[in-house]
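*Asks:* here is the input, now give the coordinates:
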Amino acid sequence: MSARTKVIADLRASIQKIEHRPVPAAPAAGGAMAAGLPQASPGTLNEIFADTPRDAGAALGFCLMQARGLISAERQAVIFLQMRAEAQETGLPYGAGLLEYGFDPEALALVRVDTITEMLWAMEEATGCRNVAAVIGDFAAHHKALDFTASRRLVLRAESVGVAPFLMRYGSGREASAAALRWHVMPIPSAETPFDARAPGLPRYRVTLEKGARHLGVRARQRDALGQDFWDVQWSENGLVADSARGRDGAGSGGRTALSGARPAGLGDRLPQTA
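*Replies:* A predicted model of the protein is given here:
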């Protein structure tokens, strides 16, 4: 066998080994979230789809609650990346709001870049940092550069370091991706409140696991017409919890109390940022 033939054979063997690598098991301390959702694993790439950029808040809330379960004494940071122009459409997280719903804003750093090339580079570099628990990239528009090869690079970097990257994407299209798990997050009518039936209560989501259920070995209590597992959850001060409401047409309470007053603050208040 020539040297060239041996190199090619070794590469093929390595690729085959990677292709058949099982999805890492969820952390023993939190294999499932409070709502029964599987907890994202270190070193695993996740795709989170929302139908439109208007639903970015629901998708980001889900990502942050998954990332919260990965924060540890060694990995204390969550990086949130956006493209500057797209951030004008989707907005920024609000630190005081995150704190109210159980996520410490001190753990979240905002990064804004100008181009898709810079975005992918920054996400890959952040995924290679051993002090980072999770990296969230918000891709408000479709970008050709975010292809299978780009997702593959993220998978290899994530597996080598143990960081969990999340790709936030929008629309109904589903392209080929190396992501182990693919989620669809959709807002549903908020829970009722005990003090005013017309006021919004706890935010509620329907979270569907479109890809990866077989690897995780999970089975939700509910399945849609396509046989996909889904969960209806609320975002409370304890993070994502099992839904106890039935929307506007049924009994149930979000358990909220009336706010004592407004909380004025600047955009992205209490969040560290880099331009």
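
*Asks:* for the stretch 151-275 of the chain, which spans come out with low pLDDT?
*Replies:* Flagging of the stretch 151-275 of the chain using pLDDT under 70 yields the residue ranges 213-227, 244-275.

*Asks:* how about the strands in the stretch 151-275 of the chain?
*Replies:* Using DSSP state E, counting those that start in this stretch, the strands of the stretch 151-275 of the chain run over 164-170, 181-188, 204-211, 222-223, 229-236, 239-242, 273-274.

*Asks:* mind putting the ones you listed in a markdown table, distance to Thr149 included?
*Replies:* All C-beta spots, glycine's among them, are computed from the backbone N, C-alpha and C. A markdown table is the format used below for these (distance: least, Cβ to Cβ, whole Å):
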| stretch | distance to Thr149 |
| --- | --- |
| strand 164-170 | 14 |
| strand 181-188 | 18 |
| strand 204-211 | 18 |
| strand 222-223 | 33 |
| strand 229-236 | 29 |
| strand 239-242 | 32 |
| strand 273-274 | 27 |
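
*Asks:* looking at those, which is closest to Arg84?
*Replies:* Comparison of the strands of the stretch 151-275 of the chain against Arg84 by Cβ to Cβ identifies strand 273-274 as nearest, at 11.7 Å.

*Asks:* if we can go back for a sec, quick one, which of the strands of the stretch 151-275 of the chain is packed in tightest?
*Replies:* Across the strands of the stretch 151-275 of the chain, averaging neighbours per residue (mean count of other Cβ atoms under 10 Å) puts strand 164-170 on top, at a mean of 25.

*Asks:* just want the angle from that one to strand 181-188.
*Replies:* Angle of strand 164-170 versus strand 181-188, following axes from the mean of the first three to the mean of the last three Cα atoms, to 10 degrees, is 50 degrees.

*Asks:* just to revisit the earlier point, so which of the strands of the stretch 151-275 of the chain is nearest Ala67?
*Replies:* Distance to Ala67, taken as Cβ to Cβ, is lowest for strand 164-170 among those, at 7.1 Å.

*Asks:* isn't Asp229 right up against Leu209?
*Replies:* Yes - using Cβ atoms under 8 Å, Asp229 is in contact with Leu209, at 4.8 Å.

*Asks:* count the neighbours of Ala107 for me.
*Replies:* 19 (other Cβ atoms under 10 Å).

*Asks:* from memory it sits against Ala77, does it?
*Replies:* Yes - the criterion here is Cβ under 8 Å, and Ala107 meets it with Ala77 at 6.2 Å.

*Asks:* residues shared between the contacts of these two?
*Replies:* Ala133 (Cβ atoms under 8 Å, 6 or more residues apart in numbering).

*Asks:* just the strands in the stretch 1-150 of the chain please.
*Replies:* With DSSP E, counting those that start in this stretch as the criterion, the stretch 1-150 of the chain has strands spanning 46-50, 77-83, 108-113, 132-138.

*Asks:* deepest in the core, which of those strands is it.
*Replies:* Of these, strand 132-138 is the most buried (mean count of other Cβ under 10 Å), at a mean of 26.

*Asks:* put the alpha carbons of stretch 231-244 into CSV.
*Replies:* Below are the C-alpha coordinates for stretch 231-244, written out as CSV (Å, rounded to 0.1, in the frame of the first residue of the first chain):
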residue,chain,number,x,y,z
TRP,A,231,-43.7,19.6,25.5
ASP,A,232,-45.8,22.6,26.5
VAL,A,233,-43.8,24.6,29.1
GLN,A,234,-43.8,27.8,31.0
TRP,A,235,-40.9,30.1,31.7
SER,A,236,-41.0,30.9,35.4
GLU,A,237,-38.6,32.1,38.1
ASN,A,238,-37.5,28.5,38.4
GLY,A,239,-36.7,28.2,34.7
LEU,A,240,-38.7,26.1,32.3
VAL,A,241,-41.4,24.2,34.1
ALA,A,242,-44.1,21.8,33.1
ASP,A,243,-47.2,23.7,31.8
SER,A,244,-50.0,23.8,34.3
